[in-house]
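1. sequence first, then the predicted structure:
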Amino acid sequence: MSYVILGRAIKNEYLALGTIFGTVGIAMLSTGGKKEAPAAKPTLAQVKETVKVNAGSKEEEDFIKNFIAEAEKESKH
């Protein structure tokens, strides 16, 4: 069977192939293009600046900071 489009007979096979290729082509064009660069991971210094120690007293804050410093020394070995 065929359809008459703009005065010409077009077979079903060609219409099906045109639909498939058109859909794939549009999908490829919409997913292509320039990709944004992924955000850089924060450095250790940036993380230390942004994370705040919520301590109840000065002694507790000092203990937490010392504990973190010792843990960093152990992780470097």
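-> Structure received.

2. give me the element Ile10 is part of.
-> In this assignment (DSSP states H and E), Ile10 forms part of strand 8-11.

3. against which helices or strands is that strand packed?
-> Under the contact criterion of 3 or more C-beta pairs under 8 Å, 6 or more residues apart in numbering; DSSP states H and E, strand 8-11 touches strand 2-5. Yep, even glycine has a C-beta here, placed from its N, CA and C like the rest.

4. kindly export the lowest-mean-pLDDT helix or strand in the chain (C-alpha atoms) in CSV.
-> Counting by mean pLDDT, DSSP states H and E, the weakest-scoring helix or strand in the chain turns out to be helix 44-50, with a mean of 75. As requested, the backbone C-alpha atoms of helix 44-50 are provided in CSV (Å, rounded to 0.1, in the frame of the first residue of the first chain):
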residue,chain,number,x,y,z
LEU,A,44,40.9,20.2,51.9
ALA,A,45,41.5,23.8,52.8
GLN,A,46,38.2,24.9,51.2
VAL,A,47,36.4,22.2,53.1
LYS,A,48,38.0,23.2,56.4
GLU,A,49,37.0,26.8,55.8
THR,A,50,33.4,26.0,55.1
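
5. so what touches that helix?
-> With contact meaning C-beta atoms under 8 Å, 6 or more residues apart in numbering, helix 44-50 is reached by Pro42.

6. list the buried ones in that helix?
-> Taking 16 or more other C-beta atoms under 10 Å as the basis for neighbour counts, none of the residues of helix 44-50 comes out buried.

7. run the chain-centre distance for it.
-> 23 Å (C-alpha atoms, centre = their mean, to the nearest Å).

8. now the element after that helix, going C-ward?
-> Toward the C-terminus, helix 44-50 is succeeded by helix 58-76 as the next helix or strand (DSSP H and E).
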